[in-house]
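Peer 1: would you be able to build a 3D model of this:
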Amino acid sequence: MNRKVLDSPPPGFEALAGTDIFNHGHLPVAAAYCRRLGLVKLVDQDVELLLGESVPAHAFNDTHLARSLDALFAAGTS
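Peer 2: Take a look at the predicted model:
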């Protein structure tokens with residue numbers, strides 16, 4: 001999260017002088033949009049049915065996804 005103080009606001013926004021501005025990026029907006037669409041309920045399927053074995057939820061993370069994509073790339077798409 002980035003924080004900055006608005007010392008010299010653009011014309012028409014003088015009331016915002018001295019205001020703290022926080023940049024959270026796009027992820028909170030994307031997460032809220034996904035919640036509003038009900039995306040979790042849509043893609044929340046039976047893991048055992050999809051993978052052939054039961055896998056705990058904590059096994060699905062950025063690191064494992066990246067390693068899986070690397071392995072698919074190394075194997076080739078054919």
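
Peer 1: contacts, neighbours, all on C-alpha from now
Peer 2: Will do.

Peer 1: could you dump the helix or strand encompassing Leu65 to PDB, C-alpha only?
Peer 2: Per DSSP states H and E, Leu65 falls inside helix 62-75. Included here for helix 62-75 are C-alpha records, laid out as PDB according to Å, rounded to 0.1, in the frame of the first residue of the first chain:
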ATOM      1  CA  ASP A  62       0.500 -18.800  -5.900                       C
ATOM      2  CA  THR A  63       3.600 -20.900  -5.600                       C
ATOM      3  CA  HIS A  64       2.000 -24.200  -6.600                       C
ATOM      4  CA  LEU A  65       0.100 -22.500  -9.400                       C
ATOM      5  CA  ALA A  66       3.400 -21.100 -10.800                       C
ATOM      6  CA  ARG A  67       5.100 -24.400 -10.500                       C
ATOM      7  CA  SER A  68       2.300 -26.200 -12.300                       C
ATOM      8  CA  LEU A  69       2.300 -23.600 -15.100                       C
ATOM      9  CA  ASP A  70       6.100 -24.000 -15.400                       C
ATOM     10  CA  ALA A  71       5.800 -27.800 -15.600                       C
ATOM     11  CA  LEU A  72       3.100 -27.500 -18.300                       C
ATOM     12  CA  PHE A  73       5.300 -25.100 -20.300                       C
ATOM     13  CA  ALA A  74       8.300 -27.500 -20.000                       C
ATOM     14  CA  ALA A  75       6.200 -30.400 -21.100                       C
END
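
Peer 1: show me the helices in this protein, by range?
Peer 2: Listed in chain order, the helices found in the chain under DSSP state H are 27-37, 39-43, 47-51, 62-75.

Peer 1: what's the helix holding Leu65 packed up against?
Peer 2: Under the contact definition 3 or more Cα pairs under 8 Å, 6 or more residues apart in numbering; DSSP states H and E, helix 62-75 sits against no other helix or strand.

Peer 1: gap between that helix and the chain center?
Peer 2: Relative to its parent chain, helix 62-75 has a centroid offset of 18 Å by Cα atoms, centre = their mean, to the nearest Å.

Peer 1: likewise stretch 64-77?
Peer 2: With Cα atoms, centre = their mean, you get 20 Å for stretch 64-77.
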